[in-house]
Every structure is written in C-alpha cells, then in structure tokens.
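Participant: take this sequence and fold it.
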Amino acid sequence: MGELTDKIKGNVNEAVGKVKQQSNDPATRDEGTVQEGKGKAQQLAGKVKGALGDDI
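Facilitator: Got it, this is the predicted structure:
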C-alpha cells in the first residue's frame, strides 16, 4: 500500500472506531477503541512511507 492509501484507511478506521465507541454495548465500545488504534497506526505507517518513500 502506498502512503496515501494508508492515510485514507487510517482516517476511515479511526472515524468508524470513534462512532463505535458511542454504542451502549460494551463489546462494541471495546471494538471501537481497538479500531481507532488501528487507524492511528495506519496513519503513522503512511507518514513513515511518505518520509522514506513508498518502497519500504
């Protein structure tokens, strides 16, 4: 995946995770927390690829 793809997927996962955290179901809230973290990691990967080049 390229830099832009990672950043976009990261933004989507973070947004969906935040929405899930608003649920009344504890399992869904936990899933949202994990998904938001995954999104942040994807965004970081995109930033690293941008700094080092997409070939990593």
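
Participant: same question for the helix or strand encompassing residue 9, mean pLDDT?
Facilitator: Assigned by DSSP states H and E, residue 9 belongs to helix 3-20. Average pLDDT, helix 3-20: 94.

Participant: name the residues of that helix that are buried.
Facilitator: Of all the residues in helix 3-20, those buried under the rule 16 or more other CB atoms under 10 Å are 3, 6, 7, 9, 10, 13, 14, 16, 17, 20. In this view, the C-beta of every residue, glycine as well, is placed from N, C-alpha and C.

Participant: please give the number of neighbouring residues around the nearest residue to the last one once chain neighbours are set aside.
Facilitator: Counting by CB to CB, 6 or more residues apart in numbering, residue 32 is the residue found nearest to residue 20 once chain neighbours are left out, at 2.8 Å. The burial metric for residue 32, expressed as a neighbour count using other CB atoms under 10 Å, is 20.

Participant: got a pLDDT number for residue 32?
Facilitator: For residue 32, pLDDT reads 97.

Participant: for the protein, which helix is longest?
Facilitator: helix 26-52 (DSSP state H).

Participant: and that one, what does it pack against?
Facilitator: helix 3-20 (3 or more CB pairs under 8 Å, 6 or more residues apart in numbering; DSSP states H and E).

Participant: and the nearest residue to residue 42 once chain neighbours are set aside, what does it touch?
Facilitator: Ranked by CB to CB, 6+ apart and with sequence neighbours excluded, the top spatial neighbour of residue 42 is residue 10, at 3.3 Å. Going by CB atoms under 8 Å, 6 or more residues apart in numbering, residue 10 touches 38, 39, 40, 41, 42, 43, 44, 45, 46.

Participant: change it to 6 Å
Facilitator: For residue 10, the contact set (CB atoms under 6 Å, 6 or more residues apart in numbering) comprises 39, 42, 43.
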